[in-house]
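> coordinates for the following, if possible.
(6 chains)
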Amino acid sequence: MGYLTIGCFASLTGSMNYDFLLRLSKAAQRKGHRVSIWFSGNGSSSIKKGQKILKDYSHGEKHLRELISNGVEICVCESCAYARGIMKEDVIEGAKWSAMHWFLSKIYEADRVLLIGGE
Amino acid sequence: MGYLTIGCFASLTGSMNYDFLLRLSKAAQRKGHRVSIWFSGNGSSSIKKGQKILKDYSHGEKHLRELISNGVEICVCESCAYARGIMKEDVIEGAKWSAMHWFLSKIYEADRVLLIGGE
Amino acid sequence: MKTGDVKLAFIVTKLPYKSETSRLAITHALSYQTVEVLLEDNQTITPSLIFVDEGVLNCIKNHKSMEHYELTSVETHLKNALLVEMDIYVCKESIEKFGVLPERIVNAEDIGAEKSIKIVSKDEIKEIIKRADHLLYF
Amino acid sequence: MKTGDVKLAFIVTKLPYKSETSRLAITHALSYQTVEVLLEDNQTITPSLIFVDEGVLNCIKNHKSMEHYELTSVETHLKNALLVEMDIYVCKESIEKFGVLPERIVNAEDIGAEKSIKIVSKDEIKEIIKRADHLLYF
Amino acid sequence: MKVAVFVSEYRCNLNPLEYIPAEKLGFILVGNGVYHAVLKENYQDSPILQQKGDFYVLLEDLETRGCETDCINPKVKPVTYDDLVDLIFYEYEKLMWLQ
Amino acid sequence: MKVAVFVSEYRCNLNPLEYIPAEKLGFILVGNGVYHAVLKENYQDSPILQQKGDFYVLLEDLETRGCETDCINPKVKPVTYDDLVDLIFYEYEKLMWLQ
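Take a look at the predicted model:
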């Protein structure tokens, strides 16, 4: 099976790019592929725990937790998170907290790389 | 003097629209005008306290506090904030927490209205 | 103190779902219903909700966002706006430009509302905008 | 286990400052310097940083973002990349299209770096991209 | 090089496509990119569909926006998320997200 | 109606401008909108500068991007944040943010 590394720079709420990422990762994982996800830029707010589920807004926490429990590696850019007032203890359990080289190291191993932009 | 009501839908970090809002509000307030600011959509994360100041990222907390202490009214959309995992107690002191009709009521009184978009 | 009615034009120029833009335009317009708690008795706000250019694509029926993404559709918000009899306008030239047939636009009858979305010309929209006290371009 | 060198093309197509896009392209490319802590001895990464289309406007000198907005400039990141001798390419056709003179582009001499930004043709850029193992379009 | 380009916007700058050295190019229409598959602005195919390559549209995103599958341009093949995964791993080698 | 249009992007959809019933129109170039004031893409003025109206560019944003003030198109008047406030209150009545 293959290995897909995704970089997500899109913001959490209201951006369907983030919803796309969650669905694509689930589908890839379900088909037996390995998946790693790097959250950077405005994407870094996605890993905050305690997001209220309002039906008017994308709510990814449930999906992220499911991905993590199924073996998908998820990591957030520590400086991007800090700059948004998100501390290490705010991050959902099982998500990693690292510097940008984490993403590069996952790209090293990957068969396919998709960078989802933030604009 | 005049009264300017601004709606800010742009996200905090990396969006220079937010920096524009801060500078424009300061200039208007300095010239003796009344200013109200409504944060909605991705703009709602701007009012989170404890934002780390990193020189690579826009950091508005200091400017928001200054605006508030100079009499600028600042309010965040409660449902937009909730959806991002931001609770009422996370909001910087002096910022208001209300529903969308707050913005409309400030528009009612305003001489000029500027809605800064979030795309 | 200002009194009387203030007319607001909420003008949607963006596509649905890329961001929250069009959704927030509708929900902000809808909030006029409760704004009286913050106004005096002789103060009122009247919103118009206007879809132009790509914004008209918000008004197509049968959004399946809840099924696929567990997300309230823009269509649902639009129907809420119809149910409270807000004035809603869609630009005729824009739907023609994109090849959207008028019957594909959300309509009041489907939900038993009294007031329909009006498909009007660009010139009529300019007249409505001209009468507004403030413009809110989303 | 994979060994050897992996070539990454960081391709910047966006303007500076609207969002963090171009800044993050450079800082992510720069992080190759410390990635060895996460790799084995026989594994290396070599980035190229490539500016095309509107992206070339990131490479203009004398950004005053710190003076006006207390914000590190994209130019500073670019100079850091030059100081560590990263390969940086700017599309010749793009700077010509926007009427930017080559002397307005950040250069190594100004900061005492050895390696300069290279202004190269679109065809050369396609060759560099062709040799990359992965593409990162920012 | 076989490159899959994800198109998630309706208005997008196509200039970056000129720098892709691809023998095989596929366009995957997702998000608001699905409108390229169904709209005929001023009676014309979208500039994306005038590119040389194969075209796919994500059904879930099409339906989210109320677009009907019988309006899909005949150049474009409807796909699901599961199909996308196969395209990524078995049909293309490099991926690009067009903004 | 006197309308000031804030332009904060370099690539932007100008169609919404067709719906503004303005007797007097001003374009205020801020953020990445400042490039309209200084670039001549393919030797031409930006489509924004080809609109009918007055043009202003925010100096702080121009300098942030390394653009030189002697390159400002003669159609465009450089302004500061303080000037902007006066434009908003004394020259125009309605404001629009073009995205």
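
> ok, the closest residue to A:Ser15 other than its chain neighbours - contacts?
Among residues not flanking A:Ser15 along the chain, C:Ser19 sits closest, at 6.1 Å (C-beta to C-beta, 6 or more residues apart in numbering or on different chains). C-beta coordinates here come from the backbone N, C-alpha and C atoms, glycine included. Listed by C-beta atoms under 8 Å, 6 or more residues apart in numbering or on different chains, the contact partners of C:Ser19 are A:Gly14, A:Ser15, B:Gly41, B:Asn42, B:Gly118, B:Glu119.

> distance of the residue sitting nearest the centre point of chain C relative to C:Ile117?
Nearest residue to the geometric centre of chain C (C-alpha atoms, centre = their mean): C:Leu49, 3.2 Å. To C:Ile117, C:Leu49 is 9 Å away according to C-beta to C-beta, to the nearest Å.

> quick check: neighbours shared by these two?
Counting by C-beta under 8 Å, 6+ apart, the residues touching both C:Leu49 and C:Ile117 are C:Ile88, C:Tyr89.

> which helix or which strand is home to C:Ile26?
helix C:21-30 (DSSP states H and E).

> doesn't C:Tyr89 lie inside a strand?
Yes: under DSSP: H, G, I helix; E, B strand; the rest coil, C:Tyr89 sits within a strand.

> now it. Nearest residue, chain neighbours left out?
According to C-beta to C-beta, 6+ apart, the nearest residue to C:Tyr89 is C:Ile50 (4.8 Å).

> same deal with A:Arg23?
E:Tyr81 is the one closest to A:Arg23 (C-beta to C-beta, 6+ apart), at 5.1 Å.

> OK, contacts around the one you found?
A:Arg23, A:Leu24, A:Lys26, A:Ala27, E:Leu58, E:Glu60.

> and it, backbone torsions?
Taking degrees, to the nearest 10, you get phi -60, psi -40 for the backbone angles of E:Tyr81.

> and it, how far from A:Ile74?
From E:Tyr81 to A:Ile74 the distance is 19 Å (C-beta to C-beta).

> go on, E:Gly66?
32 Å.

> where does the residue of chain E most remote from its centre land in three-state SS?
Taking C-alpha atoms, centre = their mean, the residue of chain E most remote from its mean C-alpha position is E:Asn42, at 19.9 Å. The three-state assignment at E:Asn42 reads helix, by three-state DSSP.

> that one reaches C:Ser94, doesn't it?
No: in this structure E:Asn42 lies outside contact range of C:Ser94 using C-beta atoms under 8 Å: 11.4 Å.

> got the residue ranges for the strands in chain C?
Assigned by DSSP state E, chain C shows strands spanning C:4-12, C:43-51, C:87-91, C:118-120, C:134-137.

> quick one: the one helix or strand in chain A whose mean pLDDT sits lowest near chain B?
None of the helices or strands of chain A scores lower by mean pLDDT, DSSP states H and E than helix A:78-83, at a mean of 90. Yes: if you take C-beta under 8 Å from any C-beta of the partner chain as the test, helix A:78-83 does meet chain B, through A:Ser79, A:Cys80, A:Tyr82, A:Ala83.

> ditto for stretch E:85-99
No: applying C-beta under 8 Å from any C-beta, one finds stretch E:85-99 separated from chain B by no less than 11.8 Å.

> may I see the buried residues of that stretch?
E:Val85, E:Leu87, E:Ile88, E:Phe89, E:Tyr92, E:Glu93, E:Lys94, E:Leu95, E:Met96, E:Trp97, E:Leu98, E:Gln99 (16 or more other C-beta atoms under 10 Å in any protein chain shown).

> same question for stretch A:47-65.
Of the residues in stretch A:47-65, those buried (16+ other C-beta under 10 Å) are A:Ile47, A:Lys48, A:Gln51, A:Asp56, A:Tyr57, A:Ser58, A:His59, A:Gly60, A:Glu61, A:His63, A:Leu64, A:Arg65.

> ok, and of these, which contact chain B?
Answer for these near chain B (C-beta under 8 Å from any C-beta): A:Lys48, A:Gln51, A:Asp56, A:Tyr57, A:His59.

> for chain C, what lies in contact range of chain E?
So chain C meets chain E at C:15-18, C:54, C:57, C:60-65, C:67-69, C:73, C:75, C:97-99, C:104 (C-beta under 8 Å from any C-beta).

> hmm, try it at 6 Å
Residues of chain C lying near chain E by C-beta under 6 Å from any C-beta of the partner chain: C:Leu15, C:Lys18, C:Ile60, C:Lys61, C:Asn62, C:His63, C:Lys64, C:Ser65, C:His68, C:Phe98, C:Gly99.

> quick one: contacts of the longest helix along chain A?
Across chain A, the longest stretch assigned as helix under DSSP state H is helix A:16-30. For helix A:16-30, contacts defined as C-beta atoms under 6 Å, 6 or more residues apart in numbering or on different chains pick out A:4, A:8, A:10, A:12, A:35, A:58, A:60, A:63, A:67, A:70, A:72, A:116, C:17, C:69, E:30-31, E:81-82, E:85.

> quick one: which of the residues you listed sit in strands?
Those of the contacts of helix A:16-30 lying in strands (DSSP E): A:Leu4, A:Cys8, A:Val35, A:Ile116.

> neighbour count, distance to B:Arg112 and pLDDT added to the residues you listed, as a markdown table?
Output for those, formatted as a markdown table (neighbours: other C-beta atoms under 10 Å in any protein chain shown; distance: C-beta to C-beta, whole Å; pLDDT from 0 to 100):
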| residue | neighbour count | distance to B:Arg112 | pLDDT |
| --- | --- | --- | --- |
| A:Leu4 | 25 | 49 | 98 |
| A:Cys8 | 30 | 38 | 94 |
| A:Val35 | 25 | 49 | 98 |
| A:Ile116 | 23 | 38 | 94 |
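
> for C:Ile26, see how far away the closest residue to C:Gln33 other than its chain neighbours is.
The shortest distance from C:Gln33 to any residue other than its chain neighbours is 6.0 Å, reached at C:Val84 (C-beta to C-beta, 6+ apart). To C:Ile26, C:Val84 is 11 Å away according to C-beta to C-beta.

> these two: which has the busier surroundings?
C:Ile26 (25 against 12; other C-beta atoms under 10 Å in any protein chain shown).

> contact partners for the more buried one?
C:His77, C:Ala81.

> do you know the pLDDT at it?
We have a pLDDT of 97 for C:Ile26.

> how about the residues of chain A near chain C?
So chain A meets chain C at A:Gly14, A:Met16, A:Asp19, A:Lys55, A:Asp56 (C-beta under 6 Å from any C-beta).

> for the residue nearest to A:Arg23, give me the pLDDT.
pLDDT, E:Tyr81: 98.

> now swap in A:Arg65 and tell me
94.

> part of a helix, is it?
Yes: A:Arg65: assigned to a helix according to three-state DSSP.

> measure it to chain C for me?
15 Å (C-beta to the nearest C-beta, to the nearest Å).

> would you check which pair of the residues of helix A:78-83 next to chain B lies furthest apart?
Distance extremes for these: the farthest pair is A:Cys80 and A:Tyr82 at 7.4 Å, using C-beta to C-beta.

> quick revisit: per-residue confidence at the residue farthest from the centre of chain E?
Per the predicted model, pLDDT is 90 at E:Asn42.

> also A:Thr13?
For A:Thr13, pLDDT reads 67.

> before we move on, what about C:Glu109?
For C:Glu109, the model assigns a pLDDT of 86.

> and C:Ile26, how far from A:Asn17?
For C:Ile26 relative to A:Asn17 (C-beta to C-beta), the value is 22 Å.

> I misspoke; the intended subject was C:Ile129.
From C:Ile129 to A:Asn17 the distance is 32 Å (C-beta to C-beta).

> equivalent analysis for C:Glu36, please.
Taken as C-beta to C-beta, the span from C:Glu36 to A:Asn17 is 38 Å.

> so for those two, which residue has more residues nearby?
Between C:Glu36 and A:Asn17, counted using other C-beta under 10 Å, the more crowded position is A:Asn17 (26 against 14).

> pLDDT score assigned to the more buried one?
So, for A:Asn17, pLDDT stands at 90.

> please tell me how far the nearest residue in space to E:Asp82 that is not next to it in sequence sits from chain F.
Here the nearest residue to E:Asp82 in space, its sequence neighbours aside, is A:Ala27; by C-beta to C-beta, 6+ apart that works out to 5.3 Å. In this structure, A:Ala27 and chain F are 32 Å apart, going by C-beta to the nearest C-beta.
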